[in-house]
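Engineer: Take a look and give me a structure for this.
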Amino acid sequence: MADLVRFGVPIDTMFAHPDDQEAAGLAEQSDAELVLVEESILRRIADTENPRGPVAVIVTPPSIQAAGSVVVLWDLADPGNAGTIVRSAAAFGFGVIVAGQSVDIWAPKTIRAGGGGHFATAVEVAPSLTVEELKSRGYATVAMVGVGGDGPGSIPSGPVAILIGNEAHGLTDEIVGQADHRFTIPMPGGTESLNAAAAASIALYAIENRSSKGGR
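Structural biologist: This next block holds a predicted model:
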């Protein structure tokens with residue numbers, strides 16, 4: 001909740017337990033209506049068994065195109081993975097594009113996994129996005145693949161769109177074939193694969209490390 005207030009997200013109504021001493025201050029800072037409710041009601045509103053702090057009702061922010069490099073979530077199904085990637089993107093200064101049949105990026109579980117990242121970076125929802133459209137925006141497209149791709153040194157300079165596919169099936173062959181580059185994370189320890197959130201976070205770090213040596 002403090003992240004919403006800190007980033008200036010418009011809050012319509014805030015629900016809190018009467019013993020929550022911070023809720024009044026947060027509501028005042030955000031000019032939100034504060035409604036005090038019993039713990040059982042708060043649990044029902046929050047859709048979690050043990051909600052921490054107040055629960056807010058907000059208007060879903062508009063879709064925003066990022067100015068720099070982005071990570072593209074393509075058909076991601078797990079809200080935890082999606083939210084974690086948003087959090088990593090915000091940490092490393094990347095925007096997020098939600099493409100294909102991905103999970104609702106503004107669902108409560110996804111926002112919780114994002115740890116405030118949704119409000120610290122540009123989030124664009126573009127179900128009909130294509131690789132060609134990304135290229136027309138000036139991005140070098142980098143498809144994350146489990147095997148057969150190049151290593152971190154292959155990541156090009158300039159604005160990059162890192163494409164992350166479905167947890168079970170990855171990116172489609174069509175998307176991989178259309179991408180400018182294919183990137184596989186070396187795993188000398190012998191692990192077969194990384195999950196989508198871990199792979200995306202490593203790729204984002206690699207881009208950030210590259211940018212410190214030459215810029216995006």
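
Engineer: how near is the residue nearest the centre of the chain to Ala107?
Structural biologist: Nearest to the geometric centre of the chain sits Val86, at 1.8 Å (CA atoms, centre = their mean). Using CB to CB, to the nearest Å, one gets 12 Å for the distance from Val86 to Ala107. The way it works is simple: take the backbone N, C-alpha and C, and place the C-beta from them, glycine included.

Engineer: just Thr172 next, same as before
Structural biologist: 24 Å.

Engineer: ditto for Ala91
Structural biologist: Ala91 is 21 Å from Ala107, by CB to CB.

Engineer: could you say what helices and strands the longest helix along the chain packs with?
Structural biologist: In the chain, with assignment by DSSP state H, the single longest helix is helix 196-214. In this structure, helix 196-214 packs against strand 70-74, helix 79-92, strand 140-144, strand 160-164, with contacts taken as 3 or more CB pairs under 8 Å, 6 or more residues apart in numbering; DSSP states H and E.

Engineer: Mind checking these for the one nearest to Gly151?
Structural biologist: strand 140-144 (12.1 Å; CB to CB).

Engineer: what angle do the closest one and strand 160-164 make?
Structural biologist: 20 degrees (axes from the mean of the first three to the mean of the last three CA atoms, to 10 degrees).
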